[in-house]
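Enquirer: dropping the sequence and predicted coords here.
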Amino acid sequence: MESGFSGLENDGGYALPLKVYPSIVFTADPEGNLSTPQPEWSWFTGQGWEEYRGSGWLNAVHPDDRDRVMREWNESVRLGRDHRLEVRVWHAPKGEYHHTVVRAVPVFDPDGSTREWVGVVSDIQHSILVDYELRKTQKRIDLMFEQSIVGMSQCDLDGLFTLVNQRFCEIVGRSMDEVLKLRVRDITHPDDIVREEIIRANAISRGKGYEIQKRYLRPDGSVVWVRNYVSIIRDDDGTPQFSAALTEDITAQRAAEEQRVLLLQRERNAREEAERLTRAKDEFMATLSHELRTPLTPVLMVASALENDQSLPQRVRNDLAAIRRNVELEARLIDDLLDLTRISRGKMNLYTRVLDLHALISDTLQMVSSDAQAAQVRLKLDLKAEKHHVVGDPARLRQVVWNLLKNAVKFSHQGGEVIVRTLNPTPATIRMVVIDHGVGIAPRTLQRIFDAFEQGPPRRRFGGLGLGLTICKAVVDAHKGHIDAESEGEGRGARFCVDLRTTERSPSLQEPEVEEKPSSGRGLKVLLVEDHHQTLSLLTRLLSRRGYRTTGASTVEEALAKGKNERFDLLISDIGLPDGSGFEVMRELSHNQPLKGIALSGFGMEDDTEKAKAAGFSRHLVKPVSVEQLVSTIEEIFQ
C-alpha cells in the first residue's frame, strides 16, 4: 500500500518524513497490536512509540469512539476478515480530532494463519466538512424553495412540470401531484397559449430567458394573473436542458390597474362632460345675453334720446331718465353674469394703456350722479394722490369704480354722503378709497364679501345679484392690485380700498385728448345691419337725425347686395343674423372697399370681442347702447 510519507535523505544520511497525503500506513502483529514503530502515526497523533505500542494507540482515538473501535477491531482480528471503520483520531498538528477511515487486511502464511495486519488510516476531515457545508447549503435551498413567497417551478423543454414548490401550487389552485402531471399549456388561459409558446420557443432557441404576464386557469374556473420570470438552463456546452421560473401572483395588481384605468376613464369622461356642459352653458349665456339685450336697445335709445329733448315737460323727462337708468341696470346685471362666466374660465382679457385714474374716477362719478341725485346722496371727491397714472384697462377699471360707487350710493341713507379719496401710500402705489356711512357690513359677511352671490343682511334687501364685488376683485387681481373691505358693523358704513401700481406719465402712451365735436355725422355713409326690425328702424331714424346717411339691411344677403351697389364709410352690424353673421359681412365688404366697422351685438363674451376684431371691426359694442354711446364711438374711430 502506498505510504502517506516519502523519504528524502539529508546530508547526514537519514530520512525526513514529508506529509504528502493525509493517510497513515501501519502494520500490526497477528493479535492486532502495534509491535514496531509507526513514524506516520507519531506525526499524525503526536504519540511516541512507547505511548502507542501494543494497544496504546487507542488513547489517540476520541473517547466516545474507543469502545466501538476496540470491539470491532478485536472481532475482525478474531475472524481474520477485512476491517473498515470510521473513527475520530486526534490530529496533533491542528490540535483537534479528525474524522478518519481505517482500512486493514490480514496477511496470511501458507498454512493459513495470520502473519500480520497491514492497514491505512485516511484523514477525511476535509471531505466531511465539505459534505456538511453542501448538505447545509442544500437544506437552505430546499427551505427557500419550499417557503418562498413566490412560486417556483421547473419544466422540461416540452413544458412538462418536473419540480414545483408549494407556493406555485397555491397560485394555480392544484396539489403538487396534480401539477407534476401537467404541462404549462394545460393550465394556461386559451387566449395566452399561442403567445407564450412563441415566446418560449424563441427563448429556447436563443438560450435566453424571458418575462411574461399571462393568466392561469384554476380548476374552479377562476383566473389568476401572474408575472413569470423564466430562465433557460443550459449545460456546459450551451445546450438548453430545462427551464426554471419564478411566478408572482399579480391578480390584485391587475385589478387595481384596471380599476385605475377605469377611474381615469371615468374622470376623462367626467371632464369631457364638464367641458361639454361648460360650452353649453357658455352658448346658453351668450344666447340668453343676446335675446335679453336686443329688445333693450330700442328702449334705451328712445329713452336716452327723449330724456334730452328740451321740448318735453321735466316730469316726462324725469320718467324717461328712470326708464333709461333701469335699462342700464338690467344691462349691467347681464354683464355681471357674463363677467362671472369669464372669471370662472380664467378668460378675462385686459386691453391696457397708460391712463389717468383721477380722470377716470371723475368721468365715472358723472355716470352715477343721476342715481345719487335720485337717492338724495351727496358725492364728494377728495383726489390728493400726486402720482395718479396707472397702466390698466380703462373699461375694466371704470367698471370697478362704477360698481363701488353704485354700491356706496345704493347702501347709503337718504341725505348721506359718499366720498371718493385717493392717496399715495408709497410712491409706487395709488390707493382709491370709497367711503359711505350707510347700512354697513356684518362681520360674518365681511369675510365673504368678495364671494359670488354673497350679500348678507342688511344689504340683501337692496336687491342685486351679489356679483359686482366678485367682478371688482377679479379685475383688480388681474391688474396685480389689491382690494379690501372694511366696516365696523351693521349701520356703521363701509370703506373699500383699491391699491394699484402707479406709472410715469408717458406722452407716447397717455390717452389722447378728444375735442368735443358736434354730432353732425360729417355726411358719413353708414350701412346698418340689424335683424331686429324695431331696432333697425329706430336706429336708422336716430342716426339720420345726427347727420349720418344711413342704409338699413336685415340679412347677410341683403347687406352684401347693398355693399356691392354702393360704397360705405362705416358698417354697423349685428353679429347674429338669420342667414349668417356680421363677421361675414365685414370680411366680404372690406375686401372691396376701405371700410371701418362697429360690431353691435347682444353677444358679449370675450371670444365674441376677439372674433369681431379678427373680422376687421374697429369696435365691439354690447347691446343695449344709447345713441350717445354709439355716436361717441363713431366719432372716436373717425377722428
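Expert: Sure thing, it's come through.
Enquirer: can you list the domains in the chain?
Expert: For the chain, the structural domains run 5-130, 148-249, 348-501, 521-638, going by automatic domain parsing.
Enquirer: and the end-to-end length of the shortest one?
Expert: Using C-alpha to C-alpha, to the nearest Å, the end-to-end distance of domain 148-249 comes to 13 Å.
Enquirer: circling back: can you add mean pLDDT and give the domains of the chain back as a markdown table?
Expert: Converted to a markdown table, these look like this (pLDDT from 0 to 100):
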| stretch | mean pLDDT |
| --- | --- |
| domain 5-130 | 84 |
| domain 148-249 | 93 |
| domain 348-501 | 86 |
| domain 521-638 | 86 |
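Enquirer: turn the ones you listed into TSV, including distance to residue 298 and mean neighbour count.
Expert: All C-beta atoms are positioned from the backbone trio N, CA, C, and that covers glycine. Output for the domains of the chain, formatted as TSV (distance: least, C-beta to C-beta, whole Å; neighbours: other C-beta atoms under 10 Å):
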stretch	distance to residue 298	mean neighbour count
domain 5-130	111	15
domain 148-249	71	15
domain 348-501	21	18
domain 521-638	5	19
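Enquirer: select, out of these, the one closest to residue 294.
Expert: With C-beta to C-beta as the criterion, residue 294 lies closest to domain 521-638 of the domains of the chain, at 4.8 Å.
Enquirer: which residue ends up closest to the midpoint of this structure in space?
Expert: Central residue of the chain (C-alpha atoms, centre = their mean): residue 264, 11.4 Å from the mean position.
Enquirer: so that residue is in which element?
Expert: Element membership for residue 264, per DSSP states H and E: helix 251-293.
Enquirer: could you identify the helix or strand that succeeds that helix?
Expert: Following helix 251-293 in sequence order, the next helix or strand is helix 296-307 (DSSP H and E).
Enquirer: quick one on the thing from earlier: okay if I get the domains of the chain as CSV plus distance to residue 268?
Expert: Listed next are the domains of the chain as CSV, based on distance: least, C-beta to C-beta, whole Å:
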stretch, distance to residue 268
domain 5-130, 64
domain 148-249, 25
domain 348-501, 28
domain 521-638, 25
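Enquirer: how distant is the host helix or strand of residue 634 from the center of its chain?
Expert: Assigned by DSSP H and E, residue 634 falls within helix 627-638. Its chain's C-alpha centre and that of helix 627-638 lie 50 Å apart, by C-alpha atoms, centre = their mean, to the nearest Å.
Enquirer: quick one: that helix to helix 296-307, angle?
Expert: Angle of helix 627-638 versus helix 296-307, following axes from the mean of the first three to the mean of the last three C-alpha atoms, to 10 degrees, is 100 degrees.
Enquirer: so what does helix 627-638 touch, helix or strand wise?
Expert: Counting contacts by 3 or more C-beta pairs under 8 Å, 6 or more residues apart in numbering; DSSP states H and E, helix 627-638 packs against helix 296-307, helix 533-545, strand 570-573, strand 596-601, strand 619-622.
Enquirer: might one say that residue 150 is in contact with residue 246?
Expert: Yes: assessed by C-beta atoms under 8 Å, residue 150 is found in contact with residue 246 at 5.2 Å.
Enquirer: A helix includes residue 441, no?
Expert: No: looking at residue 441 with DSSP: H, G, I helix; E, B strand; the rest coil, it is coil, so not inside a helix.
Enquirer: still on that earlier bit, can you list the helices and strands packed on helix 627-638 in CSV and add distance to residue 177?
Expert: As requested, the helices and strands packed on helix 627-638 are exported to CSV (distance: least, C-beta to C-beta, whole Å):
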stretch, distance to residue 177
helix 296-307, 90
helix 533-545, 93
strand 570-573, 89
strand 596-601, 84
strand 619-622, 85
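Enquirer: between these, which one is closest to residue 128.
Expert: Each of the helices and strands packed on helix 627-638 was scored for nearness to residue 128 using C-beta to C-beta, and the closest is strand 619-622 (101.2 Å).
Enquirer: for the closest one, the distance to its chain's centre please.
Expert: For strand 619-622, the distance to the chain centre is 40 Å (C-alpha atoms, centre = their mean).
Enquirer: partner strands of that strand, parallel or antiparallel?
Expert: Take DSSP bridges as the rule and strand 619-622 pairs in its sheet with strand 596-601 (parallel).
Enquirer: look up how far residue 107 lies from the closest residue in space to residue 35 that isn't next to it in sequence.
Expert: Nearest residue to residue 35, sequence neighbours excluded (C-beta to C-beta, 6 or more residues apart in numbering): residue 29, at 4.4 Å. The gap separating residue 29 from residue 107 is 11 Å, by C-beta to C-beta, to the nearest Å.
Enquirer: thinking again about what came up before, the helices and strands packed on helix 627-638: which one's closest to residue 556?
Expert: Judging those by C-beta to C-beta, what sits closest to residue 556 is strand 570-573, at 9.2 Å.
Enquirer: so what strands line up beside the closest one?
Expert: Sheet pairing of strand 570-573 (DSSP bridges) gives strand 525-529 (parallel), strand 596-601 (parallel).
Enquirer: take the ones you listed and write them to a markdown table, including distance to residue 500.
Expert: Shown next, in a markdown table, are those (distance: least, C-beta to C-beta, whole Å):
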| stretch | distance to residue 500 |
| --- | --- |
| strand 525-529 | 38 |
| strand 596-601 | 30 |
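Enquirer: nearest to residue 215, out of these?
Expert: strand 596-601 (61.7 Å).
Enquirer: ok, then the element right after that closest one?
Expert: Using DSSP H and E, the helix or strand that follows strand 596-601 in sequence is helix 606-615.
Enquirer: who are the packing partners of that next one?
Expert: helix 582-592, strand 596-601, strand 619-622.
Enquirer: about what we covered before: out of the helices and strands packed on helix 627-638, the one nearest residue 372 is which?
Expert: Closest among these, using C-beta to C-beta: helix 296-307, at 16.9 Å.
Enquirer: show me what that closest one is packed against.
Expert: Here helix 296-307 touches helix 314-345, helix 533-545, helix 627-638, going by 3+ C-beta pairs under 8 Å, 6+ apart.
Enquirer: what mean pLDDT does the first one have?
Expert: Across helix 314-345, pLDDT averages out at 70.
Enquirer: give me the sheet partners of whatever helix or strand comes next after that helix and which way each runs.
Expert: As assigned by DSSP H and E, the chain's next helix or strand after helix 314-345 is strand 353-356. Paired neighbours of strand 353-356 in the sheet (DSSP bridges): strand 389-392 (antiparallel).
Enquirer: right, and the helix or strand after the partner strand?
Expert: As assigned by DSSP H and E, the chain's next helix or strand after strand 389-392 is helix 394-410.
Enquirer: which helices and strands sit right next to that next one?
Expert: Partner elements for helix 394-410 (3+ C-beta pairs under 8 Å, 6+ apart): strand 353-356, helix 357-374, strand 417-426, strand 429-436, helix 468-478, strand 494-501.
Enquirer: repeat that for 7 Å
Expert: helix 357-374, strand 417-426, strand 429-436, helix 468-478 (3 or more C-beta pairs under 7 Å, 6 or more residues apart in numbering; DSSP states H and E).
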